[in-house]
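>>> what's the 3D shape of this:
(2 chains)
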Amino acid sequence: MTDHPAHLAPVTAPRDRAAGAGWRRFLADWASDRNAFKGVSWGKAMMWVFLLSDTFIFGCFLVAYMTVRMSTTVPWPNTSEAFALSIGGTEVPLILIAIMTFVLISSSGTMALAVHYGYLRDRRKAGTLMLVTALFGACFVGMQAFEWTKLIREGVRPWGNPWGAPQFGSTFFMITGFHGTHVTIGVIFLIILARKVLRGDFDSGRRGFFTSRKGRYETIEIMGLYWHFVDLVWVFIFAFFYLW
Amino acid sequence: MAEATVHAEASKPAGAPVPTDTQHHPVKLYLAVWGWLFVLSTCSYLVDYVGLHGWLRWTLIVLFMLLKAGLIVAIFMHMAWERLTLIYAILLPPLLVLVFVGIMATEANYTLLTRMLYYGGGN
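Purely as a prediction, here's the structure:
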């Protein structure tokens, strides 16, 4: 790889993978003083803990959806038809949701590359890729707004809909609304961070306007963790809410 | 260089342009994962498009979902290269949600039963 200097050899075979050694380190890490997550910065560990708590929130939403769908005596609306779009006169099932899925996956791809170029100290590429990621994210939210508008026009409400079980509307607005909020917050933070990266804040040591602390390129990876998590949640929503 | 001073401030070894413990992997790997995510998403969309039903449909949906989730967490979120301490601290707790799923599935079946018995199938 041309953009991959020798001193940046990928960590393909960490010492962790040797049989037994990983477990000994696992026990040593947890038994040690002060800091269990060795080699993981404070910011990254806290982002992971936040994402874990967010997993439980979305987990509760999906469990609630499962419960109401299993316990209703009224047939559940056919999502394949409810989310169909007519393109050139033919109804294509679930097509908007499929496009939204591809858009979000693409945004995850550009985000992963942004992290990569951030560590190479290529701030122009890293910043641009983050802006592209934000654009994909905004695109996703836009399509979601379109989808909500379409369904609301067709008479879907949190308390009822023309096709079947009334719980469909409440779970739909709750789950996709909460996910869309996450995407929106991610887009805002991506734009703020991309501005810092492009301006060279992490090279010049310029202090942040809110924290008054100097940033590091690792911030892009931490931002990336959040963004990939949003994509991850969509994988589960796509499977359980739209396809099931 | 300004870069070196930033590193010294961040208690990283000064002089090295990139700390060796950072998550840095070849672009090719990310592009491959990106491609696979597209393929798997297409597959899960096709499950609906072709109109599979019953257990085959549910098995395929869950299979593609888990493969996609695994790729995102392992490669994009770099979990494959983290120490076991972090991996288990983050990935084991969500499994407890499965216990919750079991409890609520039982509860939902009971609710359905009472609705059928006492409300004549009303919602």
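>>> right, and the helix or strand after the longest helix belonging to chain A?
Looking across chain A with DSSP state H, the single longest helix is helix A:167-199. The helix or strand immediately downstream of helix A:167-199 is helix A:201-204, counting by DSSP states H and E.
>>> Would you mind listing the residues in contact with A:Thr219?
Applying C-beta atoms under 8 Å, 6 or more residues apart in numbering or on different chains, we find A:Thr219 in contact with A:43, A:193, A:202. C-beta here means a position set from N, CA and C on the backbone, and glycine is covered the same way.
>>> Selecting buried members of these in ChimeraX, what would you type?
Those of the contacts of A:Thr219 that count as buried under 16 or more other C-beta atoms under 10 Å in any protein chain shown are selected in ChimeraX with:
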select /A:193,202
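>>> Nearest to A:Ala114 among the contacts of A:Thr219?
For those, the closest approach to A:Ala114 (C-beta to C-beta) belongs to A:Leu193, at 9.4 Å.
>>> Is that closest one in contact with A:Leu131, as I believe?
No. Applying C-beta atoms under 8 Å, one finds A:Leu193 not in contact with A:Leu131, separated by 10.0 Å.
>>> show me where pLDDT drops low in the chain?
Going with chain A. A:1-19 (pLDDT under 70).
>>> meant chain B, my bad for not saying
Checking chain B against pLDDT under 70 turns up B:1-22, B:121-123.
>>> can you map out the helices along it?
B:2-9, B:27-50, B:55-71, B:84-91, B:96-118.
>>> most packed of those?
Highest mean neighbour count among the helices of chain B (mean count of other C-beta atoms under 10 Å in any protein chain shown): helix B:84-91, with a mean of 18.
>>> Which secondary structure elements does it sit against?
In terms of contacts (3 or more C-beta pairs under 8 Å, 6 or more residues apart in numbering or on different chains; DSSP states H and E), helix B:84-91 is packed against helix A:21-31, helix A:42-71.
>>> Buried residues of the longest one, list them for me.
By that I understand helix A:42-71. A:44-45, A:47-48, A:51-52, A:54-55, A:58-59, A:61-71.
>>> And for the first one?
By 16+ other C-beta under 10 Å, the buried positions in helix A:21-31 come out as A:22, A:25-26, A:29.
>>> Which members of those are the farthest-apart pair?
A:Gly22 and A:Asp29 (10.3 Å).
>>> Give me the common contacts of these two.
With C-beta under 8 Å, 6+ apart as the test, A:Gly22 and A:Asp29 both reach B:83-84.
>>> The closest residue to A:Trp76 other than its chain neighbours: what secondary structure?
Nearest residue to A:Trp76, sequence neighbours excluded (C-beta to C-beta, 6 or more residues apart in numbering or on different chains): A:Ala165, at 5.2 Å. Of the three states, A:Ala165 takes coil according to DSSP: H, G, I helix; E, B strand; the rest coil.
>>> Isn't A:Ala165 up against A:Met70?
No. Counting by C-beta under 8 Å, A:Ala165 does not reach A:Met70; the two are 10.8 Å apart.
>>> so A:Ser86 sits in a strand?
Yes. Counting by three-state DSSP, A:Ser86 is found in a strand.
>>> Chain B versus that one, what's the distance?
15 Å (C-beta to the nearest C-beta, to the nearest Å).
>>> Domain boundaries for chain B, per the record?
Listed by automatic domain parsing, the domain ranges of chain B are B:2-83, B:92-123.
>>> Verify the stated contact: A:Gly180 with A:Ala138.
No. Between A:Gly180 and A:Ala138 there is no contact under C-beta under 8 Å: 11.2 Å.
>>> Quick check, A:His228 in contact with B:Met77.
Yes. The criterion here is C-beta under 8 Å, and A:His228 meets it with B:Met77 at 4.9 Å.
>>> Just want the phi and psi numbers for A:Gly160.
Backbone torsions of A:Gly160, given as degrees, to the nearest 10, read phi 180, psi 170.
>>> ok, back up a step: mind putting the buried residues of helix A:21-31 into TSV with distance to chain B?
Shown next, in TSV, are these (distance: C-beta to the nearest C-beta, whole Å):
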residue	distance to chain B
A:Gly22	5
A:Arg25	7
A:Phe26	4
A:Asp29	4
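>>> okay, now B:Tyr119: neighbour count?
10 (other C-beta atoms under 10 Å in any protein chain shown).
>>> Now do the residue nearest the centre of chain B against A:Gly109, distance only.
Nearest residue to the geometric centre of chain B (C-alpha atoms, centre = their mean): B:Ala69, 3.1 Å. B:Ala69 sits 16 Å away from A:Gly109, going by C-beta to C-beta, to the nearest Å.
>>> got a list of what the closest residue to B:Leu71 other than its chain neighbours touches?
Counting by C-beta to C-beta, 6+ apart, B:Leu71 lies nearest to B:Val33, which is 5.2 Å off, once chain neighbours are set aside. Going by C-beta under 8 Å, 6+ apart, B:Val33 touches A:109, A:112, B:71, B:75-76.
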